[in-house]
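[1] model this:
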Amino acid sequence: MISRNKVAMVLAIFAGIMLMFSGANGIGLWETIKVFVITYIIDHLAVQIFFAALIFIASLGGLSVIAGGLLIGKSRLTTGKLLIALGTGMGIIGLAVSIVIDYESGDFSINRYYSIGSLGVILSIAARMIAVKTGGTDKNSNQPQTEGEEEELEE
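    Model (predicted):
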């Protein structure tokens with residue numbers, strides 16, 4: 001049986017490839033958040049440098065998602081999920097925000113979301129949701145997460 005993290009890794013790699021081909025990245029959402037923070041919360045050089053780093057990673061888009069998937073495959077779950085989130089514009093939050101903005105501006109069309117970029121975002125969200133920490137039990141049950149762990153526990 002294939003582990004959940006291997007499935008998440010493959011999904012993230014496919015999602016990253018789709019995002020690269022479509023040219024989609026998470027830069028727009030992070031730029032909006034940066035402007036909001038600098039305008040309404042704090043305007044400090046350290047904050048601007050922090051957002052510059054986030055926006056740089058987000059500008060890589062699909063490459064960030066692929067790197068995140070590879071890290072998930074290497075059991076670097078938190079870092080992998082973070083790179084996927086940055087590359088897609090925080091995934092489902094970014095997708096929801098863009099739908100709301102389009103709807104409110106009167107420019108909403110469901111056809112806009114039938115693209116390879118949107119499919120890449122959806123696959124990256126699925127990859128983040130599928131990836132789990134290994135070496136323990138699932139939070140919702142007392143069952144081991146993979147067959148390999150089950151065999152180890154029986155011995």
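
[2] remind me which residues of the protein are low pLDDT?
    The chain contains residues with pLDDT under 70 at 1, 90-92, 94, 135-155.

[3] For it, just list every one of the helices.
    4-22, 27-36, 45-59, 62-73, 77-88, 92-104, 116-130, 147-154 (DSSP state H).

[4] Single out the most deeply packed of the ones you listed.
    helix 62-73 (a mean of 25; mean count of other C-beta atoms under 10 Å). Any C-beta I mention is one placed from the backbone N, CA and C, and that applies to glycine too.

[5] Alpha carbons of it, as PDB, please.
    Extracted in PDB, the C-alpha atoms of helix 62-73 (Å, rounded to 0.1, in the frame of the first residue of the first chain):
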ATOM      1  CA  GLY A  62       4.700  25.800  -9.500                       C
ATOM      2  CA  LEU A  63       8.300  25.400  -8.500                       C
ATOM      3  CA  SER A  64       7.500  26.100  -4.900                       C
ATOM      4  CA  VAL A  65       4.700  23.500  -5.100                       C
ATOM      5  CA  ILE A  66       7.000  20.900  -6.600                       C
ATOM      6  CA  ALA A  67       9.600  21.600  -4.000                       C
ATOM      7  CA  GLY A  68       7.000  21.300  -1.300                       C
ATOM      8  CA  GLY A  69       5.800  18.000  -2.700                       C
ATOM      9  CA  LEU A  70       9.400  16.600  -2.700                       C
ATOM     10  CA  LEU A  71       9.800  17.700   0.900                       C
ATOM     11  CA  ILE A  72       6.600  16.000   1.900                       C
ATOM     12  CA  GLY A  73       8.000  12.900   0.200                       C
END
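
[6] Tell me the gap between that helix and the middle of its chain.
    9 Å (C-alpha atoms, centre = their mean, to the nearest Å).

[7] Next: stretch 56-71.
    Counting by C-alpha atoms, centre = their mean, stretch 56-71 comes out at 9 Å from the chain centroid.

[8] check contacts around the nearest residue to residue 84 once chain neighbours are set aside.
    Spatial nearest neighbour of residue 84, excluding adjacent residues (C-beta to C-beta, 6 or more residues apart in numbering): residue 68 at 3.7 Å. Neighbouring residues of residue 68 by C-beta atoms under 8 Å, 6 or more residues apart in numbering: 12, 16, 79, 80, 81, 82, 83, 84, 85, 87, 127.
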